[in-house]
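# Okay, predicted coordinates and the sequence, questions at the end:
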Amino acid sequence: MIYRARLIALAVFALICSNSLFSQSETSDFARIGHAGFVITTASDYQCVGINPANLGFVPTADIFELGTPMKGGVDRRRRDYSLTAIEGGFSAHSDALSRGGLFDLILQQGGTKFNAEQKAAAAQAFSGNGMRFNADVFAIGAAYQTQGFGGFALTVRERATGTFVFNDQASKLIFEGRSSGYFDSFDVNFNGDTVGYSTNPQNFSKLFNGTVLSMLWFREYAASYGLKVLDIKPVKFYLGATVKFLESYAYLDARVETGEFRARSALSPFFGINYGKAVTPSLIPGSTLAPIGSGWGLDLGATIEIGKWTLSTSVVDLGKLVFDGNVFTAGDTILNGLSSKGFDNYNLFTEAQKITGDGEFFKWTGLQTTETELPTRFKAGVSFFYSYRWRFGVDMSASVNRAAGSLGQPIFSGGADYRITPWCTLGLGIGGGGNMGVFVPFSVLFSVFDGLWEMGLTSRDLITYLVSKQPVVSLAVGFLRFRI
């Protein structure tokens, strides 16, 4: 039971961290409550950390909803300079291989169903050239102070997790059909009495698995941010900002074959109890605690310009790297000859993973003292138009600039509108595409009560998922403890 619990924890560690996941499937922006189709130009206070720190330079002002008249007063709210939160954020998972039901089974680890031969063949076909992606982004603590003349400051602690699992045709067949895959043309019995499939024409991983990606990254981020208005010449205002981060990692996996080159590296906290076969490592962390396996640093840079009612923003986030020095393993390119596994029995990819990582299966691991990786750096840009206090429109774009674990598979574009129904309720609706998600329809609702002191809300990356079963994007971001003082 302990062993299974650790495997399940690896699949749902984001849920554990948030007490509530894969963002956008890769380090998402949607996990900011109150923001649906666009966020880069509008998120401020601690919410702009990881998106665009320049927006910390926005000077807080009173919210004017209705001007007063000689006969009656207006409707407004006083200026609020401080903001803080606890346990705010979200999780998202999407797949172009699984149906909505299959994706829910994977997330909830409901693996009671056992595939028969026909179902394994169908699963192999569904995952051929396809896969699934996930992301979690949760503020454990967030606080910000925005001054009237010296810019804005924010301190945050976030749990961040992201993963991508994509299989080519051969990898999909081998994983789900195991020794019954057409790759194996002969069978024998090993010294343990297990039936082993083997090929009389064996090939290297680098040839068999081209286009396959298995990547995952989980780390805790401690960040300090500052944004400042550096120019104010009516009607132009210009803001700059930066965030510095210290990172502490608990899970890292990056195995992929690209342009005929195979590489695989892994560093996982001993809590997960992963089986590396007979391999040993000089960076071993004994025990079963949730110990960090690496650390690093990060940097975000952002700029925002306001021209009348228009706002334009750009940022580069997650410059930096992680260095892993605990439980580090690597696997080199090798010939795949024999396999005893019968293949995955259900869509619980994490609990079934031991069938390819264990002794005598796909990977032949060796230990390392250290390894390192770049952070999944992304470029962001957006523009929005403030039509009135009720309506704001905008568009966003996010694209990866490297190929590190957690990088976006494709750029993501989205746009939409925010509509303030009343001073205490705002709705957001949009449309977007990219990120291997197809077309998605984000939605958000934000409640602001007690004269704006307490805010709460939720955001979903895609409403279509609940109407259509194919290419599901299961996501939810929530926050109930956001305060503005």
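Everything's here; your move.
# Is residue 215 bridged to anything, and to what?
residue 164, residue 254 (DSSP bridges).
# Tell me if I'm right that it and residue 166 touch.
No: the pair residue 215 / residue 166 is not scored as a contact, 9.0 Å apart, by CB atoms under 8 Å. Any C-beta I mention is one placed from the backbone N, CA and C, and that applies to glycine too.
# the strands in the stretch 51-200 of the chain, which residues?
Along the stretch 51-200 of the chain, counting by DSSP state E, counting those that start in this stretch, strands occupy 63-66, 75-77, 82-95, 131-146, 152-166, 186-189, 195-204.
# same deal with the stretch 251-400 of the chain?
Using DSSP E, counting those that start in this stretch, strands in the stretch 251-400 of the chain cover 261-268, 294-307, 310-324, 328-331, 335-339, 365-368, 371-374, 378-386, 391-400.
# So what touches the fourth one?
Put plainly, it is strand 328-331. For strand 328-331, the surrounding residues in contact (CB atoms under 8 Å, 6 or more residues apart in numbering) are 255, 263-267, 276, 279, 281, 283, 293, 363-371.
# Swap in 6 Å and give it another go.
Where contact means CB atoms under 6 Å, 6 or more residues apart in numbering, the residues beyond strand 328-331 that reach it are 264-267, 276, 281, 283, 363-368, 371.
# do the same with the second one
Strand 294-307 is contacted by residues 52-55, 235-245, 247-249, 312-324, 375 when judged by CB under 6 Å, 6+ apart.
# list the buried ones in stretch 122-142?
Residues of stretch 122-142 classed as buried: 123-124, 126-140, 142 (neighbour count, 16 or more other CB atoms under 10 Å).
# try stretch 144-163
For stretch 144-163, by 16+ other CB under 10 Å, it's 144-146, 151-156, 158-163.
# Stretch 287-307 too?
In stretch 287-307, counting by 16+ other CB under 10 Å, buried: 292-296, 298-306.
# Next: stretch 57-70.
Buried, per 16+ other CB under 10 Å, within stretch 57-70: 57-60, 63.
# which residues in this protein form helices?
2-18, 100-108, 117-127, 169-177, 205-208, 354-357 (DSSP state H).
# measure the residue nearest the centre of the chain to residue 289 for me?
Residue closest to the average C-alpha location in the chain (CA atoms, centre = their mean): residue 135, at 2.4 Å. The gap separating residue 135 from residue 289 is 26 Å, by CB to CB, to the nearest Å.
# what's the spacing between residue 454 and residue 446?
11 Å.
# now do residue 254
Applying CB to CB to residue 254 and residue 446 gives a distance of 37 Å.
# List the contacts of the closest residue to residue 428 other than its chain neighbours.
In this structure, residue 428 finds its nearest non-sequential neighbour in residue 36, 3.2 Å apart by CB to CB, 6 or more residues apart in numbering. Counting by CB under 6 Å, 6+ apart, residue 36 makes contact with 416, 428-430, 442-444.
# what about 7 Å?
416, 428-430, 442-444, 459 (CB atoms under 7 Å, 6 or more residues apart in numbering).
# again with residue 83
45-46, 144, 483-484.
# same thing but 10 Å
44-47, 60, 142-146, 152, 154, 455, 482-485 (CB atoms under 10 Å, 6 or more residues apart in numbering).
# Can you check the pLDDT for it?
Listed pLDDT for residue 83 reads 97.
# how many neighbours does residue 279 have?
15 (other CB atoms under 10 Å).
# Residue 365 is in contact with that one, correct?
Yes: counting by CB atoms under 10 Å, residue 365 is a contact partner of residue 279 at 3.8 Å.
# Low-confidence bits of the chain, can you list those?
1-30, 67-73, 105-112, 348-351, 353-362, 467-471 (pLDDT under 70).
# I figured residue 229 hits residue 60, correct?
No: in this structure, residue 229 is not within contact of residue 60 by CB under 10 Å, at 11.9 Å.
# what residues are shared contacts of these two?
Counting by CB under 10 Å, 6+ apart, the residues touching both residue 229 and residue 60 are residue 152.
# And stretch 126-145, how far out from the chain middle?
2 Å (CA atoms, centre = their mean, to the nearest Å).
# can you check stretch 381-393 too?
26 Å.
# In space, what's closest to residue 120 - neighbours in sequence excluded?
Going by CB to CB, 6+ apart, residue 120 has residue 176 as its nearest residue, at 4.8 Å.
# Next, count neighbours for residue 282.
The burial count for residue 282: 10, using other CB under 10 Å.
# phi, psi of it?
Here is the backbone geometry of residue 282 (degrees, to the nearest 10): phi -70, psi -10.
# The closest residue to it other than its chain neighbours: what's it in contact with?
Spatial nearest neighbour of residue 282, chain neighbours left out: residue 369 (5.1 Å); criterion: CB to CB, 6+ apart. For residue 369, the contact set (CB under 10 Å, 6+ apart) comprises 281-283, 324-325, 328.
# run the last query once more with 8 Å
Contacts of residue 369 (CB under 8 Å, 6+ apart): 282-283, 325, 328.
# Closest to residue 89 out of the buried residues of stretch 57-70?
residue 58 (21.5 Å; CB to CB).
# where's stretch 145-155 relative to the chain centroid, distance-wise?
Worked out by CA atoms, centre = their mean, stretch 145-155 lies 28 Å from the chain centre.
# can I get the CA coordinates of it in PDB?
Taking C-alpha atoms only, stretch 145-155 is exported to PDB below (Å, rounded to 0.1, in the frame of the first residue of the first chain):
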ATOM      1  CA  TYR A 145       2.300  46.400  -1.600                       C
ATOM      2  CA  GLN A 146       1.900  48.900  -4.400                       C
ATOM      3  CA  THR A 147       2.900  52.500  -3.400                       C
ATOM      4  CA  GLN A 148       1.900  55.800  -4.800                       C
ATOM      5  CA  GLY A 149       5.400  56.800  -5.900                       C
ATOM      6  CA  PHE A 150       8.000  54.100  -5.400                       C
ATOM      7  CA  GLY A 151       6.600  51.200  -7.300                       C
ATOM      8  CA  GLY A 152       5.200  47.800  -6.100                       C
ATOM      9  CA  PHE A 153       6.700  44.900  -4.200                       C
ATOM     10  CA  ALA A 154       5.600  41.300  -4.000                       C
ATOM     11  CA  LEU A 155       6.700  38.200  -2.100                       C
END
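# can you list contacts of it?
Looking at what lies outside stretch 145-155 - CB under 8 Å, 6+ apart - the contacts are 44-46, 48-49, 53, 56-60, 81-82, 141-144, 223-229, 243.
# List the buried residues of stretch 328-346.
Here stretch 328-346 shows 328-331, 336, 338-346 as buried, counting by 16+ other CB under 10 Å.
# thought residue 258 was touching residue 210?
Yes: the pair residue 258 and residue 210 qualifies as a contact (CB under 8 Å) at a distance of 7.5 Å.
# So those two - more neighbours on which side?
Neighbour tally, residue 258 and residue 210, criterion other CB under 10 Å: the higher count belongs to residue 210, 18 against 14.
# from memory the more buried one sits against residue 260, does it?
Yes: counting by CB under 8 Å, residue 210 does reach residue 260; the two are 6.3 Å apart.
# what residues are up against residue 33?
Contacts of residue 33 by CB under 8 Å, 6+ apart are 88, 444, 446, 455-459, 477-479, 482.
# before we move on, back to that, would you mind giving the buried residues of stretch 328-346 as TSV with distance to residue 420 added?
Below are these laid out as TSV (distance: CB to CB, whole Å):
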residue	distance to residue 420
328	51
329	52
330	53
331	54
336	58
338	64
339	59
340	61
341	56
342	57
343	53
344	48
345	50
346	46
